[in-house]
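Q: sequence unknown, structure follows:
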């Protein structure tokens, strides 16, 4: 992080520097502002990055148990083979047809 005094701060330079690293603007040695570069980010990234609700969601998900990539691929392979079997062996209803009045 780069620190620049308010009296020495030039907006153009601060913005350019902020694209590489965060810039703290100080007044009498105390932090006053933080400039963060956002070049290359879209509106959705900016909204999510500043959303407390989103980060709470992420924290909860990170605490949940995980599986390895190999386990995931095995589960997908099993699920796909079950689907292929189901397509080859469609379920046929054997219920007798009821005709009204008989």
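A: That came through, no problem. Please read all numbers here as calculations on a predicted model, not as lab measurements.
Q: show me where pLDDT drops low in the chain?
A: Low-confidence segments of the chain, defined by pLDDT under 70: 89-102.
Q: let's go with 80 and repeat that
A: 84-102 (pLDDT under 80).
Q: And for the longest helix belonging to the chain, what's in contact with it?
A: Longest helix of the chain, by residue count under DSSP state H: helix 69-88. For helix 69-88, the external contacting residues (Cβ atoms under 8 Å, 6 or more residues apart in numbering) are residue 67. Placement of C-beta: from N, CA and C, glycine included.
Q: Helices of the protein, residue ranges please.
A: With DSSP H, the ranges of helices along the chain come out as 11-18, 43-49, 52-63, 69-88.
Q: Could you identify which of those is most buried?
A: Scoring the helices of the chain by mean neighbour count under mean count of other Cβ atoms under 10 Å gives helix 11-18 as the most buried, with a mean of 13.
Q: looking just at contacts, which helices and strands does it meet?
A: Contacts defined by 3 or more Cβ pairs under 8 Å, 6 or more residues apart in numbering; DSSP states H and E place helix 11-18 against strand 23-27, strand 30-35.
Q: Kindly present those as JSON lines, with separate columns for distance to residue 88.
A: JSON lines is the format used below for the helices and strands packed on helix 11-18 (distance: least, Cβ to Cβ, whole Å):
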{"stretch": "strand 23-27", "distance to residue 88": "63"}
{"stretch": "strand 30-35", "distance to residue 88": "61"}
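Q: quick one, which of those strands is packed in tightest?
A: Highest mean neighbour count of the helices and strands packed on helix 11-18: strand 23-27, a mean of 16 (counted as mean count of other Cβ under 10 Å).
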